[in-house]
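In: what follows is a predicted protein model with its sequence.
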Amino acid sequence: MNDTNFQRTFVAMAALLVLAAGIAAPAAAQLQNDVAAANTTQTTTETVATTEAAATTQGECEKPSSPPSLSQARLYASQKTINKSQPGKISGGFQVDPTATCPVVVHITMSVPSGMTIQGSSDLFSGGAGMVSGTFDVRPQGGIKDIRANVYSTNTGKRTVTADIQYWPKGHKDMAQEIDGMSFTFDVTQPVEATGDSGSNAESETTAVASGASSSLPVSQNMLIIGGLMFVLLVAVLAMTKMSPRDINIGVKK
């Protein structure tokens, strides 16, 4: 290598080092931010899971000496006519006996005919033809626990829904009591399809998404751009080292 090529190579390598030093700090900062964000997401997910588990454990109580008692256990059809302007409605109210010391778990199971759909709030899960169930807690001194659900049907005529209720002290399902044989008949004058998923399903999907956050480090756009610039500069350096003085002086008058 002659002196001219050596000088060009030296200048190009010096420029490469300056550029590398200039972009190293932002790249390191970006990487550190990505690591911190990933660690924060993982820590938050673990904390939420631990808190929920602790809350479930605290909600349980010692096994009571007698079966649970509900001062109110009401489930009824508050809207029996179904048409395009309004769905049918099932409502209910549950209250634990004031003397109880333990929360009561209430589980409702409803059987629906073909073509009928029940969609509920966060207390009653949605379902299609066949079976719908929902579970919720009723706490002592907590007042009346209200539930609501909309009823849709693609088939007209008289349609009957049957329901069974089970309830037990939280953590002691072996003491479950039952209320069986409840039925609600709806008059479907016009076929009506369900409008969409219930609020409870949406809440479960968002949790699943939050809990399933990736633990891998994201590749930022800035880092990709930095890598591309370094590659272009490296190609330019290699090209310059292979050029002769005559190639550089093309077009210059002597």
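Out: In hand now; what should we look at?

In: quick one, domains of the protein?
Out: 3-57+219-248, 70-209 (automatic domain parsing).

In: those: lowest mean pLDDT?
Out: Among the domains of the chain, domain 3-57+219-248 carries the lowest mean pLDDT, a mean of 60.

In: for Ile90, which non-adjacent residue is closest in space?
Out: Ala149 (4.6 Å; Cβ to Cβ, 6 or more residues apart in numbering). (C-beta placed from N, C-alpha, C; glycine too.)

In: so what's Ala194 up against?
Out: Thr117, Gln119, Ser126, Asn150, Tyr152 (Cβ atoms under 8 Å, 6 or more residues apart in numbering).

In: separation between it and Met116?
Out: 9 Å (Cβ to Cβ, to the nearest Å).

In: what residues do the two have in common as contacts?
Out: Tyr152.

In: and the residue nearest to Ile90, what element?
Out: Taking DSSP states H and E as the criterion, Ala149 maps to strand 145-153.

In: before we move on, what about Ile82?
Out: Under the criterion of DSSP H and E, Ile82 resides in strand 81-82.

In: that strand: what's the following helix or strand?
Out: Per DSSP H and E, the first helix or strand lying C-terminal to strand 81-82 is strand 88-96.

In: so which bits of the next helix-or-strand element following that next one are buried?
Out: Taking DSSP H and E as the definition, the helix or strand that follows strand 88-96 towards the C-terminus is strand 104-112. Within strand 104-112, the residues that qualify as buried are Val104, Val105, Val106, His107, Ile108, Met110, Val112, counting by 16 or more other Cβ atoms under 10 Å.

In: so what does whatever helix or strand Gln119 lives in touch, helix or strand wise?
Out: Applying DSSP H and E as the criterion places Gln119 in strand 116-120. The criterion is 3 or more Cβ pairs under 8 Å, 6 or more residues apart in numbering; DSSP states H and E, and the helices and strands that strand 116-120 contacts are strand 130-138, strand 145-153, strand 157-169.

In: okay, that strand in CSV with CA atoms only?
Out: What follows is strand 116-120, C-alpha atoms only, in CSV (Å, rounded to 0.1, in the frame of the first residue of the first chain):
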residue,chain,number,x,y,z
MET,A,116,-81.0,-18.8,22.1
THR,A,117,-78.1,-16.9,23.5
ILE,A,118,-77.6,-15.3,26.9
GLN,A,119,-75.1,-12.5,27.4
GLY,A,120,-74.4,-11.1,30.9
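
In: got the angle between that strand and strand 145-153?
Out: 150 degrees (axes from the mean of the first three to the mean of the last three Cα atoms, to 10 degrees).

In: report the angle between strand 116-120 and strand 104-112.
Out: Going by the same axes, to 10 degrees, strand 116-120 makes 160 degrees with strand 104-112.

In: contacts for the strand holding Ala149, please.
Out: 77, 79, 82, 87-95, 106, 108, 115-121, 123-124, 134, 136-138, 159, 161, 186, 188, 191-195.

In: what's the ChimeraX line that selects buried ones from the residues you listed?
Out: Per 16+ other Cβ under 10 Å, the buried members of the contacts of strand 145-153 correspond to this ChimeraX selection:
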select :77,82,87,88,89,90,92,94,95,106,108,115,116,117,118,119,120,121,123,124,134,136,138,159,161,186,188,192,194
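
In: walking through the stretch 151-254 of the chain, point out its helices one by one.
Out: 199-211, 221-241, 245-248 (DSSP state H, counting those that start in this stretch).
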